[in-house]
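Trainee: Provide a 3D model corresponding to the input given below.
(one chain, ligands or ions: 1)
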Amino acid sequence: MDKIRVLVTGACGQMGRYVARAVSEAKDMELAGAVDPAGIDHDIGEIALGHPMGVKVAGHLPAALDQVKPDVMIDFTHPDVVMDNLTVALKASVPCVVGTTGFSDTDIKVVERMCKRHGVPCVVAPNFSLGANLMMRFAAEAAPHYEYAEIIERHHERKADAPSGTALKTAEMMEAARRDPFRLVVTGYEKLGGSRGGEMGGIRIHAVRLPGYVANQEVAFGGVGETLVIEHLTTSRECFVPGVLLAVRRIREFDGLVYGLEKLL
Ligand code: NAD
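Mentor: Coordinates of the predicted model:
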């Protein structure tokens, strides 16, 4: 069977390096290309695996796609550039697996339209970890049984967006599982603006940013005389890798946009 030829954008970043290594080690995949302005002309093997592998990091995505002709592109870059990368890749008929977060509702609609227009599938998942996806599913299951809920997400200090895509997706799934919005606890006097976090569908969302965290989330439900807490903890970015590889293997089964890893589980 032919190997799946993969190009990774953001290949020199924290996630990109894990993904590049995992792709190069997967028996059914080939790391055919790497794009990242931070590592132009360096061997991606030296950056991601500690030894050269003969694949140089490119800086210009259209030229790299043209040269490599990958079967799938994986993007772990930045909210400011991901839409441009997708526009180029989908137009070139390259299916995309996207881990970059920070998409607005409008961005998602634009990606959906581009997939339709070019007849190319794209998987966008705010969280590729199995545990996080189960946490979201369990939170949606608990949602109709409680009137009050808050989400506290904790990430490393370099995360560009807040709240996390996972927190927003969790809130969206919790809202969809209910007939009425959650009831908001209104604090009469907020001494420090923003102390009660953001709000979506009656759910307060709090974003903590500190060195030392990878990506944690707690969903707390309040009931009469009880609290239910569903918590997902990560210790390493490796937790996202199996979900990314699963999406690469399965992307061709789908038409258009798939939003969320749960559709692949
Ligand atoms: P990072 O800053 O370490 O890496 C981003 C890399 O993208 C950098 O090396 C940067 O040079 C590169 N880059 C910037 N512009 C580029 C462009 N136009 N083309 C190609 N590469 C470009 O960030 P990170 O921690 O690796 O996270 C990357 C993204 O993935 C973030 O949006 C983060 O929130 C998200 N993320 C998602 C998941 C998930 O499961 N979906 C998990 C972890 C992180």
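Trainee: interface residues of the stretch 51-200 of the chain facing the ligand?
Mentor: 76-79, 81, 85, 99-102, 125-128, 159 (Cβ under 6 Å from any ligand atom). To be clear about C-beta, it is placed using only N, CA and C from the backbone, and glycine gets the same treatment.
Trainee: Next, the distance between the ends of stretch 89-97.
Mentor: Stretch 89-97 has its terminal residues 11 Å apart, counting by Cα to Cα, to the nearest Å.
Trainee: Buried residues, that stretch. List them.
Mentor: 89-90, 92, 94-97 (16 or more other Cβ atoms under 10 Å).
Trainee: Can you tell me the closest non-neighbouring residue to whichever residue of the stretch 1-150 of the chain sits closest to the ligand?
Mentor: Of all residues in the stretch 1-150 of the chain, the one sitting closest to the ligand is G13 (2.0 Å; Cβ to the nearest ligand atom). With Cβ to Cβ, 6 or more residues apart in numbering as the criterion, G13 has its nearest non-adjacent residue at 6.0 Å, and that residue is F76.
Trainee: try Q217
Mentor: E153 (4.5 Å).
Trainee: and the helix or strand containing the one you found, what does it pack onto?
Mentor: E153 is part of strand 148-155 when elements are defined by DSSP states H and E. If you count contacts as 3 or more Cβ pairs under 8 Å, 6 or more residues apart in numbering; DSSP states H and E, strand 148-155 packs onto helix 165-176, strand 203-209, strand 215-223.
Trainee: Of those, flag the one that's most buried.
Mentor: Mean neighbour count (mean count of other Cβ atoms under 10 Å) peaks for helix 165-176 among these, with a mean of 22.
Trainee: Can you tell me what sits against that one?
Mentor: 101-103, 126-127, 132, 135-137, 139-140, 143, 149, 151, 153, 181-182, 200-201, 203, 205, 207, 215, 217, 219, 260 (Cβ atoms under 8 Å, 6 or more residues apart in numbering).
Trainee: what kind of secondary structure is the residue of the stretch 151-265 of the chain found nearest the ligand in?
Mentor: For the stretch 151-265 of the chain and the ligand, the shortest gap (Cβ to the nearest ligand atom) falls at F240, measuring 4.1 Å. Three-state call for F240 (DSSP: H, G, I helix; E, B strand; the rest coil): helix.
Trainee: mind listing the helices for the chain?
Mentor: For the chain, the helices defined by DSSP state H occupy 14-25, 44-48, 61-68, 82-91, 105-118, 130-142, 165-176, 241-250.
Trainee: could those be laid out in JSON lines, adding mean pLDDT and distance to G33?
Mentor: Converted to JSON lines, the helices of the chain look like this (pLDDT from 0 to 100; distance: least, Cβ to Cβ, whole Å):
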{"stretch": "helix 14-25", "mean pLDDT": "97", "distance to G33": "10"}
{"stretch": "helix 44-48", "mean pLDDT": "97", "distance to G33": "9"}
{"stretch": "helix 61-68", "mean pLDDT": "98", "distance to G33": "4"}
{"stretch": "helix 82-91", "mean pLDDT": "98", "distance to G33": "11"}
{"stretch": "helix 105-118", "mean pLDDT": "97", "distance to G33": "20"}
{"stretch": "helix 130-142", "mean pLDDT": "96", "distance to G33": "27"}
{"stretch": "helix 165-176", "mean pLDDT": "95", "distance to G33": "26"}
{"stretch": "helix 241-250", "mean pLDDT": "97", "distance to G33": "14"}
